[in-house]
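Student: Provide a 3D model corresponding to the input given below.
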Amino acid sequence: MDLQTMAQRAAQDDYLNYAWVREAFELMVLNALTFNSHYSKFWNEARRFYHESLRRVFAVHGKAAPAGKYAEAVKDNFLSAKRAKQMEEERVQEDETTEKKDLVAGSEVAVINLPPLSEPADMPSCLPFTEVKLKSLDAYYLAWMDSCFTCGSSGASDTMLFCVDCGEGFHSFCVNAPIHSMLKSSVAGWRCPNCKVCEITGEVPKDE
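Tutor: Below is the predicted model:
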């Protein structure tokens, strides 16, 4: 509902009495109050327009027009806005008090300079490993190949095991793992000695 619609209905003689006009007017004000934030520009204008219209129009020309079915909803919106404003004012007062307390307490707090954090060193490997240095051209062609972490060789690929945790590859004979007698599930979930820990106690068991 809006003023233009009300004007069109009035021109068509759709309003037979002031009660119909007041009900449409209250619906229009309620829409403006509902769909705008409390105490915003349009909300304040809707509130001003409501009270001025009651005083200048309905109190003078439509004295017999009773309050419409939307009147209570309009009043509830006014009360809700008032309560929300009071709660916000109380919250701001509490925040200001808290800030002052923090400032007082903060003046008594000693400043402690902490040393810079040190970077933790990598845990040493419990397996012997081979560091292979390649020329750039050789690395270009060999980088895609899986190499054993222990011996550095990429041969005997059918005996390679890959750790489910770190992803490193190992020859089964380099880690004493019987790959050809292991179940597929054991191969898929195999852990290298560096990653093998008990998931219950956290202890490191000996390799089978």
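Student: where does the prediction get shaky in this structure?
Tutor: 62-65, 94-110, 120-127, 130, 197-208 (pLDDT under 70).
Student: show me where it has its helices.
Tutor: Counting by DSSP state H, one finds helices in the chain at the ranges 3-11, 18-34, 41-53, 71-106, 136-142, 184-188.
Student: just name the most buried of those helices.
Tutor: helix 18-34 (a mean of 19; mean count of other C-beta atoms under 10 Å). Backbone N, C-alpha and C define where each C-beta goes, glycine included.
Student: name the residues that touch that helix?
Tutor: The contact list for helix 18-34 (C-beta atoms under 8 Å, 6 or more residues apart in numbering) reads 1-3, 5-6, 9-10, 14-15, 42-43, 45-47, 49-50, 53, 58, 61-62, 64-71, 73-74, 77-78.
Student: and for stretch 145-155?
Tutor: 127-132, 142, 157, 160, 162, 168-171, 174-175, 192.
Student: what's the end-to-end length of it?
Tutor: 9 Å (C-alpha to C-alpha, to the nearest Å).
Student: before we move on, what about stretch 131-148?
Tutor: 11 Å.
Student: centre of the chain to it, how far?
Tutor: Centroid separation for stretch 131-148 versus its chain: 44 Å, with C-alpha atoms, centre = their mean, to the nearest Å.
Student: let me see the contact set for the residue nearest to residue 9 when sequence neighbours are not counted.
Tutor: Counting by C-beta to C-beta, 6 or more residues apart in numbering, the nearest residue to residue 9 once its immediate chain neighbours are dropped is residue 15, at 6.1 Å. Taking C-beta under 8 Å, 6+ apart, we find residue 15 in contact with 9, 21, 24.
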